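# Quick one, what's the 3D model for this:
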Amino acid sequence: MTSLPAAVLWDMDGTLVDTEPYWIASERSLVARYGGEWPDHHAHHLVGFDLLDAGAYIAEHGPVPLTPAEIVDDLLDGVTARVHDEIPWRPGARELLAELVGHGVPCALVTMSWRRVAAAVVDALPPGSFTTVVCGDDVTHGKPHPEPYLTAAHRLGVAVGECVAIEDSPTGARSAVAAGCRTLGVPNVAAIPDDVGAHLIGSLDGVRAHDLMALTT
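Below is the predicted model of the structure:
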């Protein structure tokens, strides 16, 4: 039987939960309040971004006359409200997470969402699903910088090269690959180019814990 990874590092938006439409809806609502439109090419460009970087982009391209921090607060309000109403889980994600926990594989959530959004998702899972949670407001450099994934591996006390990261966006996949993770890409809203260095599959549905090392080889 194939060995298990030392740890699995999960992206959240678009990977564990299908919340990218919530972010896009919140962006469009904000831009519309200031008389603008938010086309798909702008929305998709921001998938996986550090939130303050996304706020700066929205301020420029909306345009929206708010600071990046004010924009982030507005988006967080919108997404958190939607998550509390309904959490749209990605196919196969909860099942794989539960199996990994059952095998004793530590899992970390590595998300550019800030803690109040991540907490709403984590609280809906069985206790102990994640050993640690690294959020966008925990790090100095967000994705695509490697810091979020390096931070998660350090907190878990494992070698980053022995971890499997699961990502849905090119920005997130670049972060995981740059950190040295074995990276499984499951594209959702935005395509992950072949040259990013992630191993691509269409869905986590049916993926088992013992498949991860083989899928990222």
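
# May I have the distance across stretch 162-173, first residue to last?
End-to-end distance for stretch 162-173, by Cα to Cα, to the nearest Å: 16 Å.

# for the record, mean pLDDT for that stretch?
Stretch 162-173 comes out with an average pLDDT of 97.

# Flag every buried residue along it.
Buried residues in stretch 162-173, counted by 16 or more other Cβ atoms under 10 Å: 163-173. In short, each C-beta sits where N, CA and C put it, glycine included.

# how about His141, what does it touch?
Residues near His141 by Cβ atoms under 8 Å, 6 or more residues apart in numbering: 50, 147-148.

# Who wins on neighbours among these?
Counting by other Cβ atoms under 10 Å, Pro148 has the largest number of neighbours within the contacts of His141, with 28 neighbours.

# distance of that one from Ala124?
In this view, Pro148 and Ala124 are 22 Å apart by Cβ to Cβ, to the nearest Å.

# Going by secondary structure, Ala81 is in what exactly?
Per DSSP states H and E, Ala81 falls inside helix 68-85.

# which element follows that helix toward the C-terminus?
The first helix or strand that comes after helix 68-85 along the chain, using DSSP H and E, is helix 93-102.

# List the buried residues in that following helix.
Within helix 93-102, the residues that count as buried by 16+ other Cβ under 10 Å are 93-97, 100-101.

# picking that back up, would you convert the buried residues of stretch 162-173 into a markdown table that also reports secondary structure?
Converted to a markdown table, those look like this (DSSP: H, G, I helix; E, B strand; the rest coil):
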| residue | secondary structure |
| --- | --- |
| Cys163 | strand |
| Val164 | strand |
| Ala165 | strand |
| Ile166 | strand |
| Glu167 | strand |
| Asp168 | coil |
| Ser169 | coil |
| Pro170 | helix |
| Thr171 | helix |
| Gly172 | helix |
| Ala173 | helix |
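
# Can you list the neighbours in contact with stretch 113-121?
Contacts of stretch 113-121 (Cβ under 8 Å, 6+ apart): 12-13, 16-17, 19, 51, 72, 76, 79-80, 83-84, 87, 109, 111, 133, 135-138.

# buried ones in it?
Within stretch 113-121, the residues scored as buried using 16+ other Cβ under 10 Å are 113-115, 117-118, 120-121.

# what bridges to the spatially closest residue to Pro5 that is not a sequence neighbour?
In this structure, Pro5 finds its nearest non-sequential neighbour in Val164, 4.3 Å apart by Cβ to Cβ, 6 or more residues apart in numbering. Judged by DSSP bridges, the bridge partners of Val164 are Val8, Arg182.

# got the contact list for the closest residue to Lys143 other than its chain neighbours?
Nearest non-adjacent residue to Lys143, counting by Cβ to Cβ, 6+ apart: Ser175, 3.8 Å away. By Cβ under 8 Å, 6+ apart, the residues touching Ser175 are 48, 143-146, 148-149, 167.

# Dump those to TSV, plus secondary structure.
Listed next are the contacts of Ser175 as TSV, based on three-state DSSP:
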residue	secondary structure
Gly48	coil
Lys143	coil
Pro144	coil
His145	coil
Pro146	coil
Pro148	helix
Tyr149	helix
Glu167	strand
